[in-house]
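> sequence and computational prediction follow.
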Amino acid sequence: MLDKFYYLNNFGEKINFGQDGIFAAYNDLRDYQWSYESINNVITGFTRGIVSKKLPVLFLSASGQKTRQARNKAYEIFEKDVLAKKKGKLYVNGYYMECWLIGSKNSEYLNSESYLRTEFTVVTDKPEWIKATTFTFEPASSYVGDTDVDFDFDFPIDLQAAPFATNTFINPYAFSSQFILNIYGACDNPQIEIGDYTYSFKCELLEGERLEVNSLTRKIFKYNAQGVAENYFNCRNKENSVFEPITSGNKQIQWNNEFRFDLMIVQQRSEPEWSYTAVSASDVSNVEVINNKYYLIDNKGEYIRDNYNEPISVQTAGD
């Protein structure tokens, strides 16, 4: 059960662990612990606060020069976010945690120029793993009732069934989820029913405009065709909260068929979901050198093997 993960900074630069001579070892990224608050010896709530984790990394390549380049690249990508005071994203199996890598402890760098162990310190004030799934809903091509209702004699207009659209939506996550809703104009006073809950807004959206409703930040903005944002918080229905999380399971969605919208469901977990992947060198915990070759070893002291059951070696040591 091995993780595929990478770090993405705010400048679009990425460190892929398990590639290019950068291997992640066993770590505590999946570990979590809620703190609790109490009054008179009774628990009243739970918090997570600021959390620090350790990420051991092995830098290993065919030459000392490549190893140094990989180590310098990692430092620069991590440090840019610290200096910008903007959290990067550490991805594990499709989930990400917003965090900084604020320190490192280097060891065994004198054994070989091609080999360097580093333990990075990961810190975050949002110790949660996030995964977002987007669903798109388009207006139906025909109204309920299929076609126009015509008579043998002519009216000035054809009679139609009332415009109406219904769709099915499944929130695949185990818990109620936060969301980001984007409604696209042109439309007036858009309203969407999700299951037995209604999200409605009193506003006019022109062609090319977009209303963004974010339940995580509890903010609403309208974006014009040029992408300029305007605070539209007051357009919300004030009787029923438009930030109500969407419950788990199968839901019916209804709206008046006059606009399209995207619904992004945001899952927040204390640990990323476990998944099974093929054995990979990203699981390296140690290295054994035999005849100038580096063989990757897991935390039990056994060789990590490929699909042909052969021990995995990582290029030839030395410059």
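Ah, there it is.

> for L90, list the residues it contacts.
By C-beta atoms under 8 Å, 6 or more residues apart in numbering, L90 lies in contact with 5-7, 29, 96-97, 99, 122. For the C-beta atoms, the positions are set from N, CA and C on the backbone; glycine is no exception.

> and if we set it to 6 Å?
Shown in contact with L90 (C-beta atoms under 6 Å, 6 or more residues apart in numbering): 7, 97, 99.

> over to it: give its phi and psi.
phi -100, psi 120 (degrees, to the nearest 10).

> next: N93.
The phi/psi pair for N93 (degrees, to the nearest 10) is phi 50, psi 40.

> among the contacts of L90, which one sits closest to K66?
Taking C-beta to C-beta as the measure, K66 lies nearest Y7 of those, at 19.4 Å.

> can you give me the helices for the stretch 51-200 of the chain?
Listed in chain order, the helices of the stretch 51-200 of the chain (DSSP state H, counting those that start in this stretch) span 64-84.

> low-confidence bits of it, can you list those?
Where the stretch 51-200 of the chain drops to pLDDT under 70, the residues are 110-111, 141-164.

> how does it look with 50?
For the stretch 51-200 of the chain, the stretches with pLDDT under 50 are 143-162.

> quick one, strands of it?
51-60, 88-92, 95-112, 115-124, 129-137, 165-171, 178-184, 187-188, 191-194, 197-200 (DSSP state E, counting those that start in this stretch).

> for S248, find the nearest of those strands.
Taking C-beta to C-beta, strand 165-171 is the member of these nearest to S248, at 5.1 Å.

> how about the closest one: buried residues?
Buried positions in strand 165-171, judged by neighbour count with 16 or more other C-beta atoms under 10 Å: 165, 169, 171.

> repeat that for stretch 235-243.
Quick answer for stretch 235-243 (16+ other C-beta under 10 Å): 235-236, 242-243.

> any idea how far E230 is from A132?
Separation of A132 from E230 (C-beta to C-beta, to the nearest Å): 24 Å.

> ok, F5 next?
38 Å.

> out of these two, which sits in the busier spot?
Relative neighbour count places F5 above the other of F5 and E230, with 22 against 10, counting by other C-beta atoms under 10 Å.

> surely that one meets K89?
No - contact criterion C-beta atoms under 6 Å: F5 and K89 do not qualify, at 10.4 Å.

> how deep is the nearest residue to K126 once chain neighbours are set aside tucked in, by neighbour count?
Distances taken as C-beta to C-beta, 6 or more residues apart in numbering put E98 closest to K126, at 5.1 Å, once the chain neighbours are dropped. When counting by other C-beta under 10 Å, one arrives at 17 neighbours for E98.

> distance of E98 relative to F201?
29 Å.

> quick check, nearest of the contacts of L90 to Q254?
In terms of C-beta to C-beta, no member of those lies closer to Q254 than M97, at 35.6 Å.

> measure that closest one to G64 for me?
For M97 relative to G64 (C-beta to C-beta), the value is 33 Å.

> neighbour-wise, which of these two wins?
M97 (23 against 17).

> that one pairs with what?
Bridge pairing for M97 (DSSP bridges) gives the partners L90.

> swap in Y115?
In this entry, Y115 is beta-bridged to L60, S112, by DSSP bridges.

> hang on, it packs against F59?
No - in this structure, Y115 is not within contact of F59 by C-beta under 6 Å, at 7.3 Å.
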